[in-house]
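> Here is a sequence with its predicted model. Questions after.
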Amino acid sequence: MTTRNLLLLPGDGIGPEAMAEVRKIIAYMNAEHDAGFTTDEGLVGGSAYDAHGAAISEGDMEKALAADAVLFGAVGGPKWDDVPYEVRPEAGLLRLRKDLKLFANLRPAICYPALAAASSLKAELVEGLDILIVRELTGGVYFGEPKEIVDLGNGQKRGIDTQVYDTYEIERIAGVAFELARTRGNRVCSMEKRNVMKSGVLWHQVVSDTHKRNYSDVALDHMLADAGGMQLVRAPKQFDVIVTDNLFGDMLSDVAAMLTGSLGMLPSASLGAPDARTGKRKALYEPVHGSAPDIAGKGIANPIAMIASFAMCLRYSFNLVREADNLEKAIAEVLDGGIRTGDIMAEGCRQVGTVEMGDAILAAFRRLSA
Ligand code: NAD
């Protein structure tokens, strides 16, 4: 039987509550479908700081490096607002991204028909929306050097960030986008600012070359990132896969997120390069939302973003495509049936808590998997 090693890092706040619902799905898949998941657990964020004085311990980092995939809940909360900067809760997530070399961030924006009315756009513009934003995560202006504030000595200071991309960084993120497009609508739109940025000129050129060399079966468009932002809110359904750099991806994926309603619905994946020997990519799956301290411990958090992150894990780390499809269908069915957590509550629906939402999704998943 295949063994699939998962490291669960529930984290703080609502992280553990949401993760508990994923644990039930894993247990079901193991018990009734011999899925062969083995799970280990670790601490991250504030809970790791309380136990080890670090945002993630060396032991848990080793487990993360050895796992086939990491499922991450959320970190942070007012309790840790004043801890030293290097060990703040977010440092655990940044360390994981860095040490696992997760250069590709995948954020789907899917609008379930039942939630179209919750979008900030008109329902007909977003109903059935299914786009994937592929953001470069380890390069660009957030990491480029020099990065400093210089005292100019005349009462003025200068803040400097450096936008820098090398060919290989653009090639590998473009490759991820083209490969994912092949499993979906087979279309990629690349966004940069080649009209004003040299890194944009290179980005455009390398994406085009990569396309010509290895992916000419996929349709490729280019758009300036500002125009892309406009198009995302004007007619989002025109896109299939969007590939862009770290800075633009940060903003465009947040814009796309709001098209779909609530933060409690949004999953994400971060992938590394394929291992030369096994072909497997290091991967971390996490909801987009944070630890929601305002509702933590009340049993009312929406577990869908966490469960949908697990669906991405089934798809991208384990190639369990049918299972991933069924889990996503299960979420859609439950929403169609009018079952809602408080954050996505609508008139005429039935409001439930975290556990009941998890149970309803598991029951639908069980039915669909039979
Ligand atoms: P947040 O995402 O935690 O919460 C924003 C709002 O959305 C809150 O009102 C919250 O109740 C609601 N919300 C979020 N997820 C929900 C869910 N699953 N179900 C129902 N409602 C949900 O963002 P914030 O309030 O800005 O940050 C809170 C803490 O989380 C901070 O310490 C922040 O640093 C941290 N944070 C962590 C991550 C992460 O772990 N990746 C991401 C963002 C923020």
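Thanks, I have the structure now. Residues are numbered from 1 along each chain as shown.
> Only C-alpha atoms from now on, for both contacts and neighbour counts.
Fine.
> Span of stretch 6-26 from start to end?
10 Å (C-alpha to C-alpha, to the nearest Å).
> Check which residues of it are buried.
6-23, 25-26 (16 or more other C-alpha atoms under 10 Å).
> can you check stretch 287-299 too?
For stretch 287-299, by 16+ other C-alpha under 10 Å, it's 287-293, 296, 299.
> Show me the contact partners of it.
12-15, 17, 72-78, 263-268, 301, 305-306, 309, 353-355 (C-alpha atoms under 8 Å, 6 or more residues apart in numbering).
> Out of those residues, which sit inside helices?
Among the contacts of stretch 287-299, the ones falling in helices (DSSP state H) are 15, 17, 305-306, 309, 354-355.
> Any stretches of the stretch 1-150 of the chain with poor pLDDT?
In the predicted model, the stretch 1-150 of the chain carries pLDDT under 70 at residues 1.
> Can you pull up the residues of it that come close to the ligand?
For the stretch 1-150 of the chain, the residues in contact with the ligand (C-alpha under 6 Å from any ligand atom) are 74-77.
> For those residues, which single residue is the most surrounded?
Of all these, the most densely surrounded is Val75 (31 neighbours; neighbours counted as other C-alpha atoms under 10 Å).
> hang on, that residue packs against Ala48?
No - in this structure Val75 lies outside contact range of Ala48 using C-alpha atoms under 8 Å: 9.8 Å.
> Now do the shared contacts for the two.
Counting by C-alpha under 8 Å, 6+ apart, the residues touching both Val75 and Ala48 are Gly11.
> what ranges do the helices span in the stretch 201-350 of the chain?
225-234, 246-258, 304-316, 321-336 (DSSP state H, counting those that start in this stretch).
> Adding mean neighbour count, write the ones you listed out as JSON lines.
Formatted as JSON lines, the helices of the stretch 201-350 of the chain follow (neighbours: other C-alpha atoms under 10 Å):
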{"stretch": "helix 225-234", "mean neighbour count": "16"}
{"stretch": "helix 246-258", "mean neighbour count": "19"}
{"stretch": "helix 304-316", "mean neighbour count": "25"}
{"stretch": "helix 321-336", "mean neighbour count": "19"}
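> Tell me who's in contact with Asp209.
So Asp209 contacts nothing (C-alpha under 8 Å, 6+ apart).
> Quick check, pLDDT for it.
Looking at Asp209, its pLDDT is 98.
> Distance of it relative to Gly299?
From Asp209 to Gly299 the distance is 50 Å (C-alpha to C-alpha).
> same deal with Met258?
Counting by C-alpha to C-alpha, the gap from Met258 to Gly299 is 24 Å.
> can you check Val207 too?
Distance from Val207 to Gly299, by C-alpha to C-alpha: 46 Å.
> returning to what we had before: which two of the ones in helices among the contacts of stretch 287-299 have the greatest separation?
The distance between the two most remote of the ones in helices among the contacts of stretch 287-299 (C-alpha to C-alpha) is 17.1 Å, for Ser309 and Val355.
> could you dump stretch 45-59 to CSV, C-alpha only?
Extracted C-alpha coordinates of stretch 45-59, given in CSV (Å, rounded to 0.1, in the frame of the first residue of the first chain):
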residue,chain,number,x,y,z
GLY,A,45,3.4,30.2,15.5
GLY,A,46,2.4,31.3,19.0
SER,A,47,1.9,27.8,20.3
ALA,A,48,5.5,26.8,19.2
TYR,A,49,6.8,30.0,20.9
ASP,A,50,5.0,29.0,24.2
ALA,A,51,6.5,25.5,24.1
HIS,A,52,10.0,26.1,22.5
GLY,A,53,10.6,29.9,22.5
ALA,A,54,10.7,29.7,18.6
ALA,A,55,8.1,30.1,15.9
ILE,A,56,8.8,26.6,14.8
SER,A,57,11.3,24.1,16.5
GLU,A,58,14.2,22.5,14.7
GLY,A,59,12.5,19.1,15.2
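> that older thread, can you lay out the residues of the stretch 1-150 of the chain next to the ligand as a markdown table showing distance to Thr138?
Below are these laid out as a markdown table (distance: C-alpha to C-alpha, whole Å):
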| residue | distance to Thr138 |
| --- | --- |
| Ala74 | 20 |
| Val75 | 20 |
| Gly76 | 22 |
| Gly77 | 25 |
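> mind listing which of those residues are in strands?
Ala74 (DSSP state E).
> picking up where we left off before, so for the ligand, which of the helices of the stretch 201-350 of the chain sits nearest?
Proximity to the ligand (C-alpha to the nearest ligand atom) singles out helix 304-316 among these, at 6.5 Å.
> which helices and strands does the closest one pack with?
Contacts defined by 3 or more C-alpha pairs under 8 Å, 6 or more residues apart in numbering; DSSP states H and E place helix 304-316 against helix 15-33, strand 69-74, strand 267-274, strand 281-287, helix 321-336.
> and with 10 Å instead?
Helix 304-316 is packed against helix 15-33, strand 69-74, strand 104-110, strand 267-274, strand 281-287, helix 321-336, helix 354-369, with contacts defined by 3 or more C-alpha pairs under 10 Å, 6 or more residues apart in numbering; DSSP states H and E.
> now the second one and strand 281-287, what's the angle there?
By that I understand strand 69-74. With axes from the mean of the first three to the mean of the last three C-alpha atoms, to 10 degrees defining the directions, strand 69-74 sits at 30 degrees from strand 281-287.
> which other helices and strands contact the next helix or strand after strand 69-74?
Helices and strands here follow DSSP states H and E; after strand 69-74, the next one along the chain is helix 89-99. Here helix 89-99 touches strand 4-11, helix 46-52, helix 58-66, strand 69-74, strand 267-274, strand 281-287, going by 3+ C-alpha pairs under 10 Å, 6+ apart.
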